[in-house]
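**Q** quick one, what's the 3D model for this:
(chains A and B)
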There are 2 protein chains.
Amino acid sequence: MRAEIISCGTELLLGQITDTNATYLAQNLSGLGIDLYFVSQVGDNLERIVETLRRAWERSELIIMTGGLGPTEDDLTREAISTLLGERMQVDPTLEAELRAWFAARGVQMPERNVKQATLIPSARPLPNPLGTAPGWWVEKEGRIIVAMPGVPREMYRMWEAEVIPRLSPYTGGLIFTRILRVTGLGESTVEQRLEAFIHASNPTVATYAKSDAVDVRVTAKASSREEAERLVSETEARIREVLGDYIFGVDKETLPSVVGTMLAQRGQTLAVMESFTGGLLSSLITDVPGSSRYFRGGLVAYSRAVALEMGLPTELVEEAGLVSEETARVMAQLARQRLGADYGIGITGVAGPEPFEQKPAGTLALAIAGPAGLVTSSGSGWRGSREDQKYRSALAALNLLRLHLLGIKKAQ
Amino acid sequence: MRAEIISCGTELLLGQITDTNATYLAQNLSGLGIDLYFVSQVGDNLERIVETLRRAWERSELIIMTGGLGPTEDDLTREAISTLLGERMQVDPTLEAELRAWFAARGVQMPERNVKQATLIPSARPLPNPLGTAPGWWVEKEGRIIVAMPGVPREMYRMWEAEVIPRLSPYTGGLIFTRILRVTGLGESTVEQRLEAFIHASNPTVATYAKSDAVDVRVTAKASSREEAERLVSETEARIREVLGDYIFGVDKETLPSVVGTMLAQRGQTLAVMESFTGGLLSSLITDVPGSSRYFRGGLVAYSRAVALEMGLPTELVEEAGLVSEETARVMAQLARQRLGADYGIGITGVAGPEPFEQKPAGTLALAIAGPAGLVTSSGSGWRGSREDQKYRSALAALNLLRLHLLGIKKAQ
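**A** Just a heads-up that it's a prediction; the model follows:
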């Protein structure tokens, strides 16, 4: 079944609100195994709504509309549907009685213009809306379905779940299951090249998305039962893991900070950090995870030479190796571990840019982990991008180094 | 000029992301006085993108596309435009050289599939993208314009502001000047109420937008010359400043960290911080500003009681007042100032949630500034929102307290 969403409201086209209704419905349709091919936003203009609706009528079997069911002159969804179908709107006595009762129950006289919320056309059945004054429409004609719901999210969510989903069950071909595999350390095009064989398959489908903190590999299967769809996804996931191995750090909503945090919490171990150019971002990412106080002790942000020395970096080291060097990162990791009393210490130093520092270009990075088993170090250079970008990518690299060390993949020297 | 937005990406139709690019562009177009009539989201399918594009070509003079400029096989925006116009894509040697240089600078071999990001059609001119590998396209043909930009918001925003808006000026019927006044400490609806008189004016237009770090008041004027437009904006700005006063902390791209940083740099003064529940975010926001090393010395992140004591918080204080209290914030500010040798120290403590701490609910906040003139404190509670939200709003509140203190508005006790 080909579905299409039409969101009505001039406020959408002025950028005053974002169409989160479409996101909600898109997620739901994908879960129901209904293919969504188009989403449109159109203003409160009868001609343009009808044009958009006619187009949808030609190419989709299910048209889901939100907004434009209010009582005012620029609420035109009902008018557009009746224009498209050439059916006249008429006040439905039952709906009118319910509507007047709704106002009476609130001790208010119903404004007469609200009576248009009690209208129907011959092909339309009302969708009850206990949360507001605008009932929805369920329209069936010529093998097409139009669902019209209010734009107010609260009212729309309830109507969708309680009224629309049950009425759709005869049409939902299969059930969908999706799992996202989160990849770090490889670029999107490299991931896609390695997964070429999977990307051309049709069930499960495999697609890659570049996110700011990872490359996401989305595996989606459709089957007659959720269990079967999940089984298909798991089969493909296993084969993808053979290809990408430890580059996959988590699934679905997991992040590098949450994955590392879970590993530490499970081992009952603790973490502390000392950072220079990331300026506190590494600590902040770690503490975005609820419950991080169970394993994160604290951090030292040395953003000036004087503070670095006051925090314990030996003057000779800073003079010989500089503030940005692997040796310095190593001592920072040990300082964090010892002074803040943690099982693991991360030391991270580098050049955020835009200017070079100590003759080292923006993007230079030096990382170290100090732990019970000893030290692990890593360094890089040449990353470009904004200052925030440098900080973010470097902090994630530090967390990934710790992840690989905890997995026993990066061995201490 | 009739404009239309087409956002490409299957992840939009699966509800995995919300089309905030469309919201951003819609706001901008309305500011430019360009009428936006339709917004469409379409998946990564050549036939459907071309269908949507053809429809737009028939009814709009300006078509703005986002997404689908990546290197992978499901990035199809270029292919769709060349199909619509019947023009062949060819690799542009200059673009290819730039692209290979981009990868070389990062010490990476360019995956061959990326070469398609260096293609053009005869009607297309490239739009530079210093933040990524995908240049945009500016296509002019038969009195129509198609603008194709990356879907990554950061890259799209920059391309829109630096490359597209200037190229649009001949079409915006007059020259546009916009200034954004950034407001903190008031909610959007309060700001809108206070500016009611301005919001109904037509030139300059005044509109408010809630951003994560401020309420933005956008003042846009249209005139025959840029100077005249700028004069109109400045007049209205002066009257708005009479209404909002010190709630306005900056203009255009300024942020609380950049504004505070500029004030400190101009005075040749320095800053250090000690934070608990913000977990390093306050330091990180401060160090997002280029040149912050001129005035930011460093930070202490005390995320556990033991570390708080090790960093110098007196045991009696922690036992009597607790880790979350104004007294503790005051001592933290003094510790940061003294131990890290700065003119100003910020102390920030509170409860990020979701769980209460020391019987204090999530959203509890205590702030202190220690400076040459003495101490300023502030506390709050009852904020709702995610953990990240709590951290972010609290860190911004600390920076705003310092701003008001530096302005002489918040006097030391």
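
**Q** and for stretch A:110-119, what are the contacting residues?
**A** By C-beta atoms under 8 Å, 6 or more residues apart in numbering or on different chains, the surrounding residues in contact with stretch A:110-119 are A:69-72, A:75, A:78, A:89-92, A:95-96, A:98-100, A:102-104, A:133-135. For the C-beta atoms, the positions are set from N, CA and C on the backbone; glycine is no exception.

**Q** now do the end-to-end distance for it.
**A** Using C-alpha to C-alpha, to the nearest Å, the end-to-end distance of stretch A:110-119 comes out at 15 Å.

**Q** for that stretch, buried residues please.
**A** Going by neighbour count (16 or more other C-beta atoms under 10 Å in any protein chain shown), the buried part of stretch A:110-119 is A:110, A:114, A:116-119.

**Q** dump those to CSV, plus secondary structure and pLDDT.
**A** Putting these into CSV (DSSP: H, G, I helix; E, B strand; the rest coil; pLDDT from 0 to 100) gives the following:
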residue, secondary structure, pLDDT
A:M110, coil, 87
A:N114, helix, 89
A:K116, helix, 92
A:Q117, helix, 94
A:A118, helix, 96
A:T119, strand, 97
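
**Q** just the element for the residue lying closest to A:D288 once chain neighbours are set aside, please.
**A** Distance criterion C-beta to C-beta, 6 or more residues apart in numbering or on different chains; nearest residue to A:D288, sequence neighbours excluded, is B:E388 at 5.4 Å. Here B:E388 sits within helix B:387-406, counting by DSSP states H and E.

**Q** up against chain B, what does the stretch 1-150 of chain A have?
**A** Residues of the stretch 1-150 of chain A lying near chain B by C-beta under 8 Å from any C-beta of the partner chain: A:12-20, A:22-30, A:36-43, A:45, A:48, A:52, A:55.

**Q** again with the stretch 201-350 of chain A
**A** A:207-210, A:218, A:220, A:272, A:277-284, A:286-288, A:290, A:292-293, A:296-304, A:306-308, A:310-311, A:339-341.

**Q** any idea how many residues pack against A:G408?
**A** 8 (other C-beta atoms under 10 Å in any protein chain shown).

**Q** that one: what secondary structure?
**A** Per DSSP: H, G, I helix; E, B strand; the rest coil, the secondary structure class of A:G408 is coil.

**Q** can you count the residues close to A:S225?
**A** Neighbours of A:S225 using other C-beta under 10 Å come to 11.

**Q** domain assignment for chain A?
**A** With domains defined by automatic domain parsing, chain A comprises A:2-171, A:175-251, A:256-406.

**Q** just name the most buried of those.
**A** domain A:256-406 (a mean of 22; mean count of other C-beta atoms under 10 Å in any protein chain shown).

**Q** between its first and last residues, how far does it reach?
**A** Domain A:256-406 has an end-to-end distance of 13 Å (C-alpha to C-alpha).

**Q** what does stretch A:237-253 contact?
**A** Applying C-beta under 8 Å, 6+ apart, the external contacts of stretch A:237-253 come out as A:179-186, A:191, A:194-195, A:198, A:206, A:214, A:217, A:219, A:256, A:258-259, A:400, A:403-404, A:407, A:409.

**Q** how about the domains of chain A, which one is nearest B:M65?
**A** Closest to B:M65 of the domains of chain A, according to C-beta to C-beta: domain A:2-171, at 14.7 Å.

**Q** and that closest one, how far out from the chain's middle?
**A** 27 Å (C-alpha atoms, centre = their mean, to the nearest Å).

**Q** and whichever residue of the stretch 101-250 of chain A sits closest to chain B, what helix or strand is that in?
**A** Using C-beta to the nearest C-beta, the single residue of the stretch 101-250 of chain A nearest to chain B is A:S189, 4.4 Å away. Using DSSP H and E, A:S189 maps to helix A:188-194.

**Q** next SSE after that helix?
**A** As assigned by DSSP H and E, the chain's next helix or strand after helix A:188-194 is helix A:196-199.

**Q** which residue sits closest to A:G185, ignoring its sequence neighbours?
**A** A:G185 sits nearest to A:Y247 (C-beta to C-beta, 6+ apart), 5.1 Å away.

**Q** ok, A:R54 touching A:L84?
**A** Yes - counting by C-beta atoms under 8 Å, A:L84 is a contact partner of A:R54 at 5.9 Å.

**Q** contacting residues around the residue of the stretch 101-250 of chain A closest to chain B?
**A** A:S189 neighbours (C-beta under 8 Å, 6+ apart): B:70-72, B:111, B:113-114.

**Q** from the contacts of stretch A:110-119, which ones fall inside helices?
**A** Among those, the ones falling in helices (DSSP state H) are A:78, A:95-96, A:98-100, A:102-104.

**Q** reformat those as JSON lines; add pLDDT and distance to B:V376.
**A** Below are the ones in helices among the contacts of stretch A:110-119 laid out as JSON lines (pLDDT from 0 to 100; distance: C-beta to C-beta, whole Å):
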{"residue": "A:R78", "pLDDT": "97", "distance to B:V376": "58"}
{"residue": "A:L95", "pLDDT": "95", "distance to B:V376": "60"}
{"residue": "A:E96", "pLDDT": "95", "distance to B:V376": "62"}
{"residue": "A:E98", "pLDDT": "92", "distance to B:V376": "58"}
{"residue": "A:L99", "pLDDT": "91", "distance to B:V376": "56"}
{"residue": "A:R100", "pLDDT": "92", "distance to B:V376": "58"}
{"residue": "A:W102", "pLDDT": "87", "distance to B:V376": "53"}
{"residue": "A:F103", "pLDDT": "87", "distance to B:V376": "52"}
{"residue": "A:A104", "pLDDT": "87", "distance to B:V376": "55"}
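
**Q** most widely separated two among those?
**A** Spanning the widest gap among those are A:R78 and A:A104, at 23.3 Å by C-beta to C-beta.

**Q** mind listing the helices for the stretch 1-150 of chain A?
**A** A:10-13, A:20-32, A:46-59, A:77-85, A:93-105 (DSSP state H, counting those that start in this stretch).
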